[in-house]
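Give me a 3D structure for the following:
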Amino acid sequence: GNTIAWSLTGVTATGATVTGLPVTGNTLTVTSVSNPSISTMTLTANAVGSTVDAGSNSVQVSSWTANVSNSKVRLNNLQFTFVGSANAADVRNLRLMVNGTEVATLVQASTETVFSIPGGVELNTGNSTIQLFADVMGSPNRTFTFSLLQPYKVNAVDTQYNTGISPSITSTNQTTITIN
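All right, here's what the predicted structure looks like:
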């Protein structure tokens, strides 16, 4: 396991004498895992519809499969990057769904669209579906994508060891959506 300890080997003092050095504290074990089977998570983008009419409500704009191994994961937040020529303010009433349950909402998209999930949502081992729905109100003849490329934009915690994990991300199927 990981250990920490401390030792005081010297003191600089003016007009004083320090005796009894060195002073050493106890060595403490801060983690000890006999079988470090920390959770792993792979996020894989799923294709969604590539066109939408301006004024459409509750459109699926992003979809991901989360594959969790070893033990359950608590998903606390996701940060998508809004990429494209569409005005982010035209993509409104965003709803983040996990396995069909709404877990977070936002009034509108932004360049960095961050979903904080109150209390987190538990993902069991195996596959879970993460979907993003929105109302697309304007920006005809423009495009957008909710991109998720960097693992540090996902806050996920192994529930057995209560430690953060860094997911693997496969984003090749992210869909660029064109607004008609």
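
who does the one helix or strand in the chain whose mean pLDDT sits lowest pair up with?
For the chain, using mean pLDDT, DSSP states H and E, the weakest element among its helices and strands is strand 28-31, scoring a mean of 78. Here strand 28-31 has these sheet partners by DSSP bridges: strand 2-4 (antiparallel).

May I see the buried residues of stretch 77-92?
Using 16 or more other C-beta atoms under 10 Å as the test for burial, stretch 77-92 gives 78, 80, 82-84, 86-88, 90-92. From N, CA and C alone the C-beta is placed, and that goes for glycine too.

swap in stretch 156-169?
By neighbour count on 16+ other C-beta under 10 Å, the buried set for stretch 156-169 is 156-159, 161, 165, 167, 169.

Could you identify the least confident member of those?
Of all the buried residues of stretch 156-169, residue 161 has the smallest pLDDT value, namely 89.

separation between that residue and residue 73?
Residue 161 is 11 Å from residue 73, where distance means C-beta to C-beta, to the nearest Å.

Now tabulate the buried residues of stretch 77-92 in CSV and tack on distance to residue 17.
Below are these laid out as CSV (distance: C-beta to C-beta, whole Å):
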residue, distance to residue 17
78, 59
80, 62
82, 65
83, 66
84, 71
86, 73
87, 72
88, 67
90, 74
91, 71
92, 72
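
As CSV, those residues with secondary structure would be great.
Below are the buried residues of stretch 77-92 laid out as CSV (DSSP: H, G, I helix; E, B strand; the rest coil):
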residue, secondary structure
78, strand
80, strand
82, strand
83, strand
84, coil
86, coil
87, coil
88, helix
90, helix
91, strand
92, strand
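
Which of these sits closest to residue 118?
Distance to residue 118, by C-beta to C-beta, is smallest for residue 78 among these, at 13.5 Å.

So the closest one sits against residue 153, correct?
Yes. At 7.0 Å, residue 78 counts as touching residue 153 under the criterion of C-beta atoms under 8 Å.

Residue for residue, what is the longest strand the protein has?
For the chain, the strand with the greatest residue count under DSSP state E is strand 56-69.

helices or strands up against that one?
In terms of contacts (3 or more C-beta pairs under 8 Å, 6 or more residues apart in numbering; DSSP states H and E), strand 56-69 is packed against strand 40-46, strand 73-83, strand 91-98, strand 126-136, strand 143-147.

low pLDDT regions in this structure?
Judged by pLDDT under 70, the chain has its weakly predicted residues at 1, 31-36.

Return the residues in contact with the spatially most central residue of the chain.
Closest to where the C-alpha atoms of the chain average out (C-alpha atoms, centre = their mean) is residue 154, at 1.4 Å. Going by C-beta atoms under 8 Å, 6 or more residues apart in numbering, residue 154 touches 41, 43, 75, 77-79, 148, 166-167, 169.
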